[in-house]
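J.: just coords:
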C-alpha cells in the first residue's frame, strides 16, 4: 500500500470513528466529568482524569464504528449518512470489526488500572454501547437507551474514585438520560423523513407533532434534577450560575427548533456541548471557591 492509499485509508478510519466530529466525545465526557468532580469533591486525581478522558475518546469512537456496522444496510438510504465509509465501501466490514475490537480492548486495558467494581461496570458499559444501535429497530425512544450508554461513565467515575456507588449516582444518570433524549431528539428531527421511509424508530417519530414540547420538557426535568443535586450537596451561587446559564442556552435552543427547520435542529443539537460546558464550569467553580 503506497502512501496515498494509506492516507486515504486512515482518513476513512477517522471518519468511521467520527473523530472529525468531536461533539459526540464531549457529550459523553461532560457527565463523566460532573461525576468525577462530585466523587472527588472537586479535586480529581489527574491520572484518573486522563484515563477517563482517553476512555471517552476510545469508547465513543468504538461506539460509532459499532453503530455503522449495525446500520450498514440503512446508511446508504439516508441523505445525512450515505457517505459514511462503510456505506461507500471505503472500509470493509472485516476492517470495521477489527477497529471496533481494537478500540474496546484499549479502553478495557485502561479500566484494568482501577478496582473490581469499575471493571465490572465497564463490561456493562460495553454491553450498552454494543447493543444501542439495534434498539432503533424496536424501541420507540432509543434515545433513552443512548442516555444510559452515554451516562455510564457516571457510576464508573464514582466507583473508580471511591470504590462504591452512592445514591446520587442514579440521579445524575437519570439526568443524562433526559438530556440525551432532548438533544438526540433534535438530532433525530433532521432524519425523521428518511427514518420513516426505512422503518427506523426514533423519539422524533414517537413524539410526532409534540416533538418540540417533549424536548423542552426533557430539558426542564434535566435541569430540575441538577437543581436537586445542588440542594442535596448544599451548593451555592457558582453552581446555580452554571445552572442558570444552561437554562439560558436551553431557551435559545427553543428558538432554533420551534420551526423544525432541519439545519436549525442540527445546530441546536451541536449547541448541547455548551450546555455541558457551563454546567461543568459551575460545578468546578463551586468546589474551587468553596476551598
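T.: Great, that's in hand. Everything quoted here is computed from the prediction, not taken from an experiment. Numbers count the residues shown, from 1 in each chain.

J.: so how far is stretch 46-54 from its chain's centroid?
T.: For stretch 46-54, the separation from the chain centroid amounts to 17 Å (computed by CA atoms, centre = their mean, to the nearest Å).

J.: Give the buried residues for it.
T.: Neighbour-count burial for stretch 46-54, with 16 or more other CB atoms under 10 Å as criterion, is recorded at 48-49, 51-52. To be clear about C-beta, it is placed using only N, CA and C from the backbone, and glycine gets the same treatment.

J.: Not counting it itself, show me its contacts.
T.: Stretch 46-54 is contacted from outside by 29, 32-33, 36, 40, 110, 113-114, 153, 156-157, 160-161, using CB atoms under 8 Å, 6 or more residues apart in numbering.

J.: mind redoing it with 7 Å?
T.: Contacts of stretch 46-54 with the rest of the structure, by CB atoms under 7 Å, 6 or more residues apart in numbering, involve 29, 32, 36, 110, 113, 153, 157, 160-161.

J.: possible to save those residues as TSV with neighbour count and distance to residue 96?
T.: Putting those into TSV (neighbours: other CB atoms under 10 Å; distance: CB to CB, whole Å) gives the following:
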residue	neighbour count	distance to residue 96
29	23	24
32	24	26
36	25	31
110	16	22
113	12	28
153	28	24
157	29	29
160	27	30
161	21	34
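
J.: between those residues, which is nearest residue 185?
T.: Of all these, the one with the least separation from residue 185 (CB to CB) is residue 29, at 20.7 Å.

J.: which element is the closest one on?
T.: Residue 29 is located in helix 23-39, with elements delineated by DSSP states H and E.

J.: and what of residue 73?
T.: Once you assign secondary structure using DSSP H and E, residue 73 falls outside every helix and strand.

J.: Check the burial of the spatially closest residue to residue 179 that is not a sequence neighbour by counting its neighbours.
T.: Computed as CB to CB, 6 or more residues apart in numbering, the closest residue to residue 179 that is not its neighbour in sequence is residue 222, at 4.7 Å. The burial metric for residue 222, expressed as a neighbour count using other CB atoms under 10 Å, is 25.
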